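# okay, sequence plus prediction incoming.
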Amino acid sequence: MRIFLSMLFCMLHSSLSLAGLGDTLTAASPDSNYLGAPVTYVSGLAVYQSITEAGMTITYYVNFQGVIVAVSWRGPALPNLKNLLGRHFQTYLLGTTTRLSHRHVEFITPDLVIQSNGHVRAFRGRAFLPKLLTSSNAISQIQ
C-alpha cells in the first residue's frame, strides 16, 4: 500500500507542476501555450483544463493580465496543493483550517480561499484569490 501511495504522489507531483495560483501563464512555463486554447470564458476569465495521468482534472481560471486567479480540481485523489497554490502554499500552511465535517475543509482569509471535500476516488475543491476576482459572480463559476 505504501508503494502505491508513493507512486501516486510522484505521478501527481510531476503532472501538476504546470502553474500555481497567482502565477502568470508565461512565468509558469517557457511555452506560454502549454495549456492550449481556453476551453471557455466565464465572468471575464479564460478557463483552461489539464487532465493528469492519474485522472485528476485541474481547471485554471486566468484573468486578462494572464494571472491564474483560481484553480479547481476533481478526481480520484487529492492534488499536490504545493504545486497548485504556488507561492500561496506557505500562507495555507501557516493559517487555520476549518474542518466543517470529516469530508469538508475550508481555509478562508481576505487574500486566499481554499475549499476541499470528498472521499477516496471522488475529491473536488477550489482555491482562489478573492481580491483578484472582478465580480462576485466569478466566485460561483469556479467549480
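Noted; the coordinates are in hand. Here the structure is a predicted model, which means the values were calculated and not measured. Numbering: from 1, shown residues only.

# where does the residue nearest to residue 42 when sequence neighbours are not counted fall, phi/psi-wise?
Of all residues not flanking residue 42 in the chain, residue 141 sits nearest, at 4.2 Å (CB to CB, 6 or more residues apart in numbering). For every residue, glycine as well, the C-beta is placed using N, CA and C. Main-chain torsions, residue 141, degrees, to the nearest 10: phi -80, psi -10.

# number of nearby residues for residue 141?
18 (other CB atoms under 10 Å).

# surely it touches residue 43?
Yes: using CB atoms under 8 Å, residue 141 makes contact with residue 43 at a distance of 5.2 Å.

# the residue nearest the centre of the chain: which element?
Residue closest to the average C-alpha location in the chain (CA atoms, centre = their mean): residue 71, at 3.2 Å. Taking DSSP states H and E as the criterion, residue 71 maps to strand 68-75.

# quick one: distance of the following helix or strand past that strand to the chain centre.
Toward the C-terminus, strand 68-75 is succeeded by helix 81-85 as the next helix or strand (DSSP H and E). Distance, stretch centre to chain centre, for helix 81-85: 7 Å (CA atoms, centre = their mean, to the nearest Å).

# try stretch 103-111
With CA atoms, centre = their mean, you get 13 Å for stretch 103-111.

# that one - what's its average pLDDT?
For stretch 103-111, mean pLDDT rounds to 89.

# measure it end to end?
24 Å (CA to CA, to the nearest Å).

# now it: buried residues?
Residues of stretch 103-111 classed as buried: 105, 107 (neighbour count, 16 or more other CB atoms under 10 Å).

# ok, now stretch 75-86?
75, 77-81, 83-86.

# what do you get for stretch 121-129?
Applying 16+ other CB under 10 Å to stretch 121-129 flags 123, 125-129 as buried.
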